[in-house]
Every structure is written in structure tokens, then in C-alpha cells.
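**Student:** what follows is a predicted protein model with its sequence.
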Amino acid sequence: MKGFFSAEEMGKPDFCDECGLFRTCITPKMSYTGNGNKKTLIIAEAPGEEEDAKGIQLIGQAGQLLRTCLNKLNLDLDQDFWKINSVNCRPPKNRKPTKKELQCCKPNVEKAIEELKPNFIWLMGTVAVDSFFMSMFSGEPSIGKWRRYVIPFHKYNCWVIPMYHPSYINRVKDTKLQMVFENDLQYAVSCLNLERPVEIDYNNKINKLTNFSIIMEELNKVNNNEKPMFFDYETSSLNPYKANQKIWSVSFATSSEEAFAFPLHYPYWDEIELFAIEEMWKTILKNPKILKIAHHLKFEDKWNRTVLNTKTQGWDWCTMTTQHILDDRAGITGLKFQAFTRWGIFDYEKNIQKYISTNETTQNNLDKAPLQELLQYGGLDSLFGFKLWEEQKLEICRKKPLQKGNALFLEGIKALCDVEENGIGADKEYYEQEHNRLTEEIFKIEETLYACPEALIYKQHTGKDINLKSTKELNILLYDLLALTPEKLTDKGKNSVDFESLNLIQTDFTRNLVTYRKYLKTRDTYLAQFKREICPDGRIHPTFNLHFARTFRSSSNDPNLQNIPVRDKEARISCRTGLIPSKGNQIGEVDFSSLEVRIMACYTNDPVLMDYINDKTTDMHRDQAIDILQLPASEITKELRFHTKNSIVFAFFYGSWYKPCAEGFWKNIKGLKTVSGVDIYKHLKSKGLEYYKVADLGIASSFERHLQKIEIKFWEKYKVTKEWTEYQENFYLRHGYVELKTGFRRSGYLKRNQITNTPVQGSAFHCLLWSLIELNKEIKSRNLKSKIVCQIHDSIVLDIVSSEVQEIVKVTREIMTERIRNEWKWITVPLDVEIELAPIDSPWLDKEEYKED
DNA sequence: GACGTGAGCGCG
DNA sequence: AAAGCGCGCTCACGTC
């Protein structure tokens, strides 16, 4: 059946003129086709060659895949659906439609929707999503983020279900992706019996309180009723530790029927009124019988501690953290995104957005926003937060294994909130001086670089000085003007100018450029950041997040304390000299030794791996180095072992293979010597092992062939680990997710390495998190004055009172090696820690191995 | 001017 | 067959 519109009627002619695609295709302005028995409209991308030739959507290869999959579900693409494209004329050579073309064709799609009034709209692929939600969301068109949502779309009174485009499945050819696609399709089909969505007006459910006695009355009710309460602040910035911060307004909800909002530090009250309201609100916060819920618990808790000087009691749930546990995808935890995908609510922040500044000023302008709008916005946040909590409780109930993870992370964010409050001491004066010093160094190197012949050549050809920070201009210089051969490509296939590439060139220019980059990185990424983040109390208060990492690890930002240089000596000194203990204290760091390998052993139960871990006289990396380097154990230096471990053993475990490993390892051992001082390349040569690359001839060097044999032996040795990776992949194919022993699941399209890496990386961090929670409790209950100041995936950093060092070390070791194994029986190998300590009043830089007596 | 992306690089 | 995984920050650059 043909659609309603004839070619002439499709869209406004001026839009089509502007787009122009209709001039170059066989079937211009293709109307929708199909019978739509299931009242479902499929919106795809654009006609391909076959579609264009026959005037029917989805009949090419991709369409056939969709047809087959639907047939398996007893559906017929032509009978049960209507089909239309986001762009309805074929773009030449099937290229991706441009934004303009999508815009021009949108009215055609909308017309079809208005005519057909579908119950369901399936959006196939990124382009369809991007086009459909055009101007509703800035950017983020990634389909991975949108798939698996069934969105009530009130404008068209229907449900919108985004999915992968079948052509993507065809192109990638991966059974795992195919599985995800078919599951999604099945899910979408299972929704076909839904009634049309019901739109609810939430705007009239907000009580904006601006009368003093009414506020006091409502707060009194909350305090007396003692029902679970969601609350939310609008504040003057994201960081309450910065100077002069305010909580402009407060909102809360104790049911999904109504929410309340009132001004706090928003300029409105006189002193006496404000005092009374603050005290009443604090009473509620301190009432442990009132369970507290927030979307980003840590945020509200921090503001209570600092601005209201109040420790919140009764924290029960963080809807943002739980959302991450329910669905680990990036960019979905925001309340706005949840409100849209769950209830079709959209754009309720639009009146307030312009007052929330995004730049670096320490305060936003929310105090200049009209009070009624501010309160309306805040109230809606609380209402939606409460609704979200209600739905999440049910979802977590249905997914029992996740309750463990949810509980761990709730305790985790509370403990990390303490860590953030503690902050780490920072020497502002030092960072300013060091920043200036590096600026001078950078200036000198710049002068040297501009005097190099390379820079002059660039100027001759282009008429301007080269921007040494520009990868694009460096690319032109090195591979165009100087005609050097690129050895490495970037992810997107361009010639790389990174360290590795520059290092191969070995001229004065590239050597200086490498140093120049290092200094810039040190100054601009670290020193500048530290300078900016030092608060009036002389400390840096970073954030530690549990709602980002897809493996359920943590992350850190503002500043990120988890990536401060340590391997490069010069950068390490520059950055770490200014991170200091409180007066009279010592910085200590406790690391889990080889944590990920141990956790991997817990997952795989590989006896060979477990033997290595259990028997401290053996060393898996040393044994591997013996084989690879053809050296006796006595000739293997620390460095040689180190590179074997990192470039080969770990790489193999995480899914790499001999070819890239041979290349990487060979580069990394350059210049190293054996214990008796023989150059390692020379030694390997004497064993007939050499590495070279012959472009495109497919000739493997002797070292590469050697490593190929090593790899075969490696997997014979660790065959149980190998079997486990296969089991994991199978489990994922059957269930659509991978499961962690610590109460988490990761779903969506995962590559092979992600399937094996996620449980190991995640659960390893959970060991650290559990230990941190325990240690934090212990410090409090023993009334110790030492503080946890940072956490880096498998280590805890402390600001330790000198007289407490022994006690802290003892209890930390006990927690991390003994108590944790009592708590988690799945840890079937011993855990071990390494402890480092810096002298009194010395920076983190000076940490040294700590020997217990 | 705001925003997103790519390249590069720091850590576990 | 296959080119470890996970993050955050900065700059350049293109787009609207």
C-alpha cells in the first residue's frame, strides 16, 4: 500500500528545494509504505540503492535482516508496520544524510505521523534518533544510550523505542551485537500490547512556599510524620568548599503527589526568619527516623556539612547511584534524562537554565532568577526524584543480585563524602612558584623550537609560525612538508604525532617538542588545576564518583587525584611536592598488591594462577620473562620483569596477542641490560631473536614468531583461565549481560575483552571500596584523628597523625587482608598490601616503603 | 560564544 | 580472529 502523499505533496516545496536530494534520485520524496497492522511506524535512516530503485523502504540487505528477525517473532515488516525514512530521497552513494537534509525532511516525517497516528514509533539507528529528537537535546545522538528505552512521547501520544539500525548489525558482523539487537527487537515487540501513554500535568503539583509561617507549618509536618523524604538544593556552585557559597532554595517531596519548594539563601528573608527556617530544616536533616533520598546524595550531604554545618542522618538512597547500578551506560543517570525516558517530561529546566552559568566563575546567577520559576524548577526536581525512587525500589526488588551492589555503593558514597570533606593539604605558594618556573622553561624551549630548521620551513611554506600545540599543523610539517613516513595512525586513521611517533624521528626538533609537551602537560593539566582547586582552608576537595565508570569502578574529578604523574621523575616532583599532610602529620598510602590478578584468580579458579599467588616463593612474571628473554632467573632485572608483566602477561590476560605485544615489548625494553650488564637487544640477537617490521609483506620477525610460540604455551599453561573467558562470553550471549560477584551487572553491546575485563576490574575496586568504608568506620569509632584523603582504584591515601601510624597500619592491614575475606567468601586467594609512608610534614612525593616492626 | 569531538597523555 | 580495559583534563578545531 502506498502512502497518503503523492510526490508533489510531500513536504513544503521550499524545504525540498533547499535540500535538493530529490533531483538526484530515482524515487524522489518517497512516501511511507506498509499496512501498519500493529500500529507501529518504523523510522529508518534514508533510502539505499535498492530502496530508491523500487520506492519501498528497508528492502536492501539491512532490511532483509530486519525482516528475518521479525519473522522469528511472527511479525511481517510490510503487513504489521509502516515504514518511512528520516530522509526520504536517496543521498548519493548512500552517504550519511547531513543535518540540513534531516531538518528539511522532518516535516515529511511529522506529516506521516500525524496522519497515521501510530501507537509506537521505532527509531532505527543514530540518524533516526538524532532527527526525531532534533533540537530537543543537544548532541549525544549515540544510539547505545537510547536503545532499550520505551519513551512515552506525548506530543504524538505514542511510545518511542530507539534501536540499532539493522545495517549496523550487518556491517559489524558480531554475534554479540546481533544478540543485543535481537533482544532489543524482542523487547520492543513485547511492548506492542501497551495502551497509549497517559500524560500527567506535574506543574500543578508543586507548592511554592514563600510565606514564613506556612513554611514552618509544612516543615513541622514533615518532622512529625517521619516519612521518607526526597530533597534537592539549588546552590551557588558545585563546590561548597569554595568561598562564600549559598543554598539558594530547597525543595522536598514525601509523596509522588506533591512537592514543596522554598527559598533559603535566595535574597528574600530577614535575618530572624532565615534563622528560624534554617534551624527547622536542620532539625529534619538530623532526624534519623526520616529516611533521606537525593539524586546525588553526596552533593546534598556536602552542602549540609559545610553551608549548614549539619551532619545529615538517615541517608537511605541515592537515585543517581542506583540508576547507574540499574543501567551502567554513560550519560543516562541525570534526572532530566530519566524524567524524559520514563515519563516523557521534557525541558522543565528551560526557564532556569540561563541562570546556571557553565563557565568558571565561582558562583552562578540563580539568585537573579525569578523566585517563582526557581521554586517551580526545584519542586519538579524533587517530585521526579521521589517518583524515580519509587520506581527504582521496584526495579531493584526484581533484580535481587543488584541489592548487594546497591548497598555497597550507598555506604561507599557516604564514606567517599567523608574523604571529600577531608580533602588533601596543598601548598598554594609552591604551586604558584612551580607554575611560574615551568612557564619560563616552556618559553625557553619555544625559542629553541622556533629556531629549528623545521619551524623555519613551516613558516616559509605557510607564511606563519607553527602552532606547536596543534596536531594538525605538526602533521602538515612532519608528513607533508618534511615528507617523513608516518609509523602510526590515530583512532580515526590520521597520521599520529604522539610521543611514540615523535620519538621515532629523533631530531633536535622532535626531542625538544617531547619535552615541551611534557612541561605543558605538567603545567596546564596539573599545576593549573591544583592552583584553581585549592580552597580557603588550604586543602583540595576533589570528588570521587561511583556513578560513571562502566565497570563500576570509581572516577575522580575537580581535580582528578587518580592520575597524578608518578612514573616520570621530573613530572612527579613538579606535581607531588605540593601535596602535603596536615601539620605534624605524615602521608601514607596502602596498596593492594597485584589485586587484579588475584581477583581474576577468584573468578577463574585457575589452579596455576592460584598456585602462583599462594606460593610466595614463585613469581609468574619472572617465569614468563625467563621464557621470553631466554635468560636464567639470575639475569632478569626489575625492569625486564616489569615490562614482561605489563606488555605481555597482562596484555595476554586482557585479550591482546603476540603481534602487537611483540612490537610493544620490543620498544619498551630498548636500552635495558641484563643483570650482568649485557644489552638486551644484543643478548636476544645472540639467541637468534630480532624484531623488525616489514611493511605489508607479512613477514614476521624471529622475535615475533618466538612470541607466537610463547603465546600458545601461555594459554596451555593458563588453560582454565582461557576456558573461563569462553564461559564468560557464552554467559553474556545467553543473558545479555555480565555478572560481577559483588552485585553488579553490565549490559549492552560488549566486546570480548570488555566481557572478561569488567568483572575483574570492577570487583577489584570493590575490595578497595569495602576496605575504605571499614577503615573509615574504624577511624571514627576509635576516635582517631588521622584522615583518609584519597583513593586510587587499589590504594588508599591517608593523612596520618604521627602517633597513630602503627595503629592505622595495623588495622588497615587487618581489614584489607583478613576481615574482607570473612565478609566475602568468594575471595579464594590471600590478599596482600604494600604500605608506604612519607616523613612528618613531607609531601606525598616522599613516600617510602614502610617496614613494620 | 557555546558546544562537541578528536588527539594526546596522565593514572590503575 | 585477534592490535588490552577503565577513567578525566587540556588544547585545537569545526559547527551552529
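**Tutor:** Alright, I've got the coordinates.
**Student:** using CSV, write out the CA atom coordinates for stretch A:476-493.
**Tutor:** Output of stretch A:476-493 as CSV, limited to C-alpha atoms (Å, rounded to 0.1, in the frame of the first residue of the first chain):
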residue,chain,number,x,y,z
ILE,A,476,51.5,19.1,7.9
LEU,A,477,55.1,19.9,8.9
LEU,A,478,56.2,16.3,9.5
TYR,A,479,54.4,14.2,6.9
ASP,A,480,53.7,16.8,4.3
LEU,A,481,56.5,19.4,4.2
LEU,A,482,59.2,17.1,5.5
ALA,A,483,57.7,14.1,3.8
LEU,A,484,58.6,11.7,6.7
THR,A,485,56.9,8.3,6.8
PRO,A,486,54.1,8.1,9.3
GLU,A,487,54.6,5.0,11.6
LYS,A,488,51.3,5.2,13.4
LEU,A,489,47.7,6.2,12.9
THR,A,490,45.2,7.7,15.2
ASP,A,491,41.9,6.1,16.0
LYS,A,492,40.3,7.9,13.2
GLY,A,493,43.0,7.0,10.7
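**Student:** what strand or helix carries A:Val514?
**Tutor:** For A:Val514, the host element (DSSP states H and E) is helix A:508-520.
**Student:** next, the buried residues of that helix.
**Tutor:** Using 16 or more other Cβ atoms under 10 Å as the burial criterion, the residues of helix A:508-520 that qualify are A:Phe509, A:Thr510, A:Asn512, A:Leu513, A:Tyr516, A:Arg517, A:Lys518, A:Tyr519. No exception for glycine: its C-beta is placed from N, CA and C like everyone else's.
**Student:** could I get those residues in JSON lines, plus columns for pLDDT and distance to A:Asn223?
**Tutor:** Output for these, formatted as JSON lines (pLDDT from 0 to 100; distance: Cβ to Cβ, whole Å):
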{"residue": "A:Phe509", "pLDDT": "94", "distance to A:Asn223": "70"}
{"residue": "A:Thr510", "pLDDT": "92", "distance to A:Asn223": "68"}
{"residue": "A:Asn512", "pLDDT": "93", "distance to A:Asn223": "67"}
{"residue": "A:Leu513", "pLDDT": "92", "distance to A:Asn223": "64"}
{"residue": "A:Tyr516", "pLDDT": "93", "distance to A:Asn223": "61"}
{"residue": "A:Arg517", "pLDDT": "91", "distance to A:Asn223": "58"}
{"residue": "A:Lys518", "pLDDT": "92", "distance to A:Asn223": "57"}
{"residue": "A:Tyr519", "pLDDT": "94", "distance to A:Asn223": "57"}
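**Student:** filter those residues by proximity to DNA strand B?
**Tutor:** A:Arg517, A:Lys518 (Cβ under 7 Å from any atom of the strand).
**Student:** between the buried residues of helix A:508-520, which is closest to DNA strand C?
**Tutor:** Nearest to DNA strand C, judged by Cβ to the nearest atom of the strand, of the buried residues of helix A:508-520 is A:Arg517 at 10.4 Å.
**Student:** so which bits of the stretch 401-550 of chain A are right by DNA strand B?
**Tutor:** Residues of the stretch 401-550 of chain A lying near DNA strand B (Cβ under 7 Å from any atom of the strand): A:471, A:490-494, A:496-501, A:517-518, A:521, A:525.
**Student:** now with 6 Å?
**Tutor:** A:Thr471, A:Thr490, A:Asp491, A:Lys492, A:Lys494, A:Ser496, A:Val497, A:Asp498, A:Phe499, A:Arg517, A:Lys518, A:Lys521 (Cβ under 6 Å from any atom of the strand).
**Student:** what is the nearest of the residues you listed to A:Pro565?
**Tutor:** The shortest approach to A:Pro565 among these belongs to A:Lys521, at 8.3 Å (Cβ to Cβ).
**Student:** ok, back up a step: would you mind putting the buried residues of helix A:508-520 into CSV with distance to DNA strand C alongside?
**Tutor:** Output for the buried residues of helix A:508-520, formatted as CSV (distance: Cβ to the nearest atom of the strand, whole Å):
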residue, distance to DNA strand C
A:Phe509, 18
A:Thr510, 18
A:Asn512, 17
A:Leu513, 14
A:Tyr516, 12
A:Arg517, 10
A:Lys518, 13
A:Tyr519, 12
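**Student:** isn't A:Phe665 up against A:Lys645?
**Tutor:** No. Using Cβ atoms under 8 Å, A:Phe665 makes no contact with A:Lys645, being 10.6 Å away.
**Student:** that older thread, select only the buried ones of the residues of the stretch 401-550 of chain A next to DNA strand B in PyMOL?
**Tutor:** Typed into PyMOL, the line below selects the buried ones among those, using 16+ other Cβ under 10 Å:
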select buried, chain A and resi 496+497+517+518
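**Student:** quick check: which helices or strands does the host helix or strand of A:Ile796 pack against?
**Tutor:** Assigned by DSSP H and E, A:Ile796 belongs to strand A:795-801. Under the contact definition 3 or more Cβ pairs under 8 Å, 6 or more residues apart in numbering; DSSP states H and E, strand A:795-801 sits against strand A:424-426, strand A:585-592, helix A:752-781, strand A:787-791, helix A:805-814.
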